[in-house]
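the sequence isn't on hand, but the structure is:
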Ligand code: LLP
């Protein structure tokens with residue numbers, strides 16, 4: 001369920017009509033719903049209760065500071081993977097003790113930043129990283145709380161580019177080597193081992209891979225404890241998938257996921273963390289675009305939009321499906337037509353959908369890409385010198401621009417001409 005519904009024949013974000021936002025900010029733009037963000041965060045905390053837990057929003061999925069503040073005010077923790085994301089969490093007012101630092105390539109500067117600003121834990125992904133963190137923490141005279149990310153060699157059964165839990169992936173340490181690596185971590189100065197981390201992939205549509213991974217983590221917890229380590233926290237990663245179509249079988253619900261967590265690791269007396277991104281932000285956002293032309297080609301018709309692959313790269317990059325709907329509600333049983341939906345960027349890969357059956361739309365009409373809140377704006381670029389598009393946050397019957405469209409002057413002024421020119 002999300003809060004982008006037709007009311008009186010027009011698509012709304014909560015109680016705001018989409019054309020009103022378009023009139024104020026121009027197209028294309030992203031718009032997010034406070035009510036959906038809140039609802040999804042609450043679903044997770046309810047699903048994990050009464051276990052001691054922290055839901056750490058994966059900032060990488062949607063990193064606007066206003067969104068982070070919305071979630072942070074509800075008590076959410078944050079999962080960050082760069083110094084920049086760390087600074088975003090802090091800018092949103094989230095205290096360091098609710099920020100976890102993930103990622104396979106943390107630099108010493110990023111470690112220093114988090115250790116001085118406050119951090120709940122680092123999820124360490126390799127032995128060289130353990131040693132680097134030990135050095136940095138020691139040089140600062142502090143102790144870094146850590147978990148070690150284990151790679152459980154589980155097939156997440158998702159798109160190959162976003163599966164992370166197989167042994168051939170770059171993430172974590174092989175679970176078979178955990179005893180050795182934990183022993184080294186315990187010996188190194190400046191580190192305090194507190195738990196285990198696992199994340200097997202994104203857009204998982206079944207619970208079974210999670211179950212396999214979490215059972216392995218439960219076994220490992222017992223083993224590491226018997227080897228003398230104190231394991232009090234389990235970070236179980238993110239990855240729960242969302243429905244991208246109205247017709248597909250719905251992926252498991254957070255309640256089922258929470259029940260699975262309780263069943264697999266609930267008896268270990270550990271505090272549990274999860275790092276959902278997409279399930280909180282995905283269906284909390286849409287991308288609104290305008291039809292520039294309807295072009296009749298040979299054997300196919302093109303809907304040429306003012307949004308392009310640089311604004312929403314998921315279809316080009318992963319062959320991902322996003323439902324596309326007209327902002328003006330089509331009458332029941334209105335005729336439809338097959339379109340290739342494309343953007344203006346100069347490559348064939350700039351295609352959002354092929355042969356998509358859509359209600360008839362015309363030049364100047366608004367359309368919306370659903371489920372575009374996660375990995376939408378954050379993956380945008382200015383390819384073809386197309387300005388990053390605005391982000392808007394709706395709350396009930398009002399809205400605010402939470403990132404403005406840059407002017408061409410701003411864009412051009414970022415380039416500098418060397419003295420010899
Ligand atoms: N934790 C870690 C360590 C991660 O690497 C990720 C996602 C998450 C949590 C959050 O996963 P989520 O709950 O959002 O599935 N750009 C791709 C998705 C990349 C996911 C990367 N890691 C896409 O558009 O589908």
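Perfect, I can see it now. Worth saying up front: this structure is predicted, and the values here are computed from it rather than measured.

please make it C-alpha for all contacts and neighbour counts, starting now.
Noted.

list the contacts of the residue nearest the centre of the chain.
Residue closest to the average C-alpha location in the chain (Cα atoms, centre = their mean): residue 61, at 2.1 Å. Residues near residue 61 by Cα atoms under 8 Å, 6 or more residues apart in numbering: 277, 278, 281, 282, 373, 374, 375, 376, 378.

what are the ranges of the helices in the stretch 201-350 of the chain?
Secondary structure of the stretch 201-350 of the chain (DSSP state H, counting those that start in this stretch): helices at 208-226, 254-265, 278-281, 314-318.

just name the most buried of those helices.
Neighbour counts (mean count of other Cα atoms under 10 Å) averaged over each of the helices of the stretch 201-350 of the chain peak at helix 278-281, with a mean of 29.

show me what that one is packed up against.
Secondary-structure packing of helix 278-281 (3 or more Cα pairs under 8 Å, 6 or more residues apart in numbering; DSSP states H and E): helix 34-48.

list the helices and strands the helix it packs on packs on?
Right, helix 34-48 is packed against strand 53-58, helix 65-73, helix 254-265, helix 278-281, strand 391-395 by 3+ Cα pairs under 8 Å, 6+ apart.

list the buried residues in that helix.
Going by neighbour count (16 or more other Cα atoms under 10 Å), the buried part of helix 34-48 is 34-38, 40-45, 47-48.

go on, stretch 91-107?
For stretch 91-107, by 16+ other Cα under 10 Å, it's 92, 94, 95, 96, 98, 99, 100, 101, 102, 103, 104, 106.

which residues of the protein lie near the ligand?
58, 61, 102, 162, 199, 202-203, 237-240, 275-279, 314, 375 (Cα under 6 Å from any ligand atom).

farthest-apart pair in the buried residues of stretch 91-107, please.
Pairwise distances across the buried residues of stretch 91-107 peak at 24.2 Å for 92 and 104 (criterion: Cα to Cα).

residue 86 reaches residue 114, doesn't it?
Yes. Using Cα atoms under 8 Å, residue 86 is in contact with residue 114, at 7.3 Å.

the residue of the stretch 301-421 of the chain found nearest the ligand and residue 320, how far apart?
As assessed by Cα to the nearest ligand atom, the ligand sits closest to residue 375 within the stretch 301-421 of the chain, at 4.6 Å. Distance, residue 375 to residue 320, by Cα to Cα, to the nearest Å: 11 Å.

next one: residue 223
40 Å.

next: residue 354.
With Cα to Cα as the criterion, residue 354 and residue 320 are 12 Å apart.

the residue nearest to residue 336 when sequence neighbours are not counted - how many residues pack around it?
Nearest non-adjacent residue to residue 336, counting by Cα to Cα, 6 or more residues apart in numbering: residue 359, 4.2 Å away. Other residues within reach of residue 359, judged by other Cα atoms under 10 Å, total 19.

just checking, residue 359 touches residue 332?
No. If you go by Cα under 8 Å, residue 359 and residue 332 don't touch, sitting 10.2 Å apart.

now what about stretch 398-410, what contacts it?
15-16, 21, 25, 64, 66, 387-394.

rerun that using 7 Å as the cut-off
16, 66, 387, 388, 389, 390, 391, 392, 393, 394 (Cα atoms under 7 Å, 6 or more residues apart in numbering).

repeat for stretch 253-263
Contacts of stretch 253-263 (Cα under 7 Å, 6+ apart): 43, 44, 47, 48, 207, 211.

low-scoring stretches of the chain, by residue?
Applying pLDDT under 70 to the chain flags residues 1, 247-249.

hang on, the earlier thing: from memory the residue of the stretch 301-421 of the chain closest to the ligand sits against residue 62, does it?
Yes. In this structure, residue 375 is within contact of residue 62 by Cα atoms under 7 Å, at 6.4 Å.

these two: who's more crowded?
Higher neighbour count among residue 375 and residue 62: residue 62, with 25 against 21, using other Cα under 10 Å.

for the more buried one, which residues are in contact?
281, 373, 374, 375, 378.

try it again at 10 Å.
32, 68, 277-278, 280-282, 285, 372-379 (Cα atoms under 10 Å, 6 or more residues apart in numbering).

now do residue 318 against residue 212, distance only.
Counting by Cα to Cα, the gap from residue 318 to residue 212 is 26 Å.

returning to that earlier point: restricted to strands, list the residues of the chain next to the ligand.
Residues of the residues of the chain next to the ligand located in strands (DSSP state E): residue 58.

quick revisit: could I get the contacts of stretch 398-410 in CSV, plus columns for distance to residue 136 and neighbour count?
Formatted as CSV, the contacts of stretch 398-410 follow (distance: Cα to Cα, whole Å; neighbours: other Cα atoms under 10 Å):
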residue, distance to residue 136, neighbour count
16, 49, 19
66, 32, 20
387, 39, 18
388, 36, 22
389, 38, 24
390, 38, 19
391, 37, 22
392, 39, 22
393, 39, 23
394, 42, 23
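
and these, which two are the farthest apart?
Counting by Cα to Cα, the most remote pair of these is 16 and 387, 24.8 Å apart.

contacts only, for the residue of the stretch 301-421 of the chain closest to the ligand.
So residue 375 contacts 59, 60, 61, 62, 63, 277, 278, 281, 282, 312, 313, 314 (Cα under 10 Å, 6+ apart).

which SSE is the residue lying closest to residue 288 once chain neighbours are set aside in?
Spatially, and ignoring its direct neighbours in sequence, residue 288 is nearest to residue 368 (4.4 Å; Cα to Cα, 6+ apart). Using DSSP states H and E, residue 368 maps to strand 366-369.
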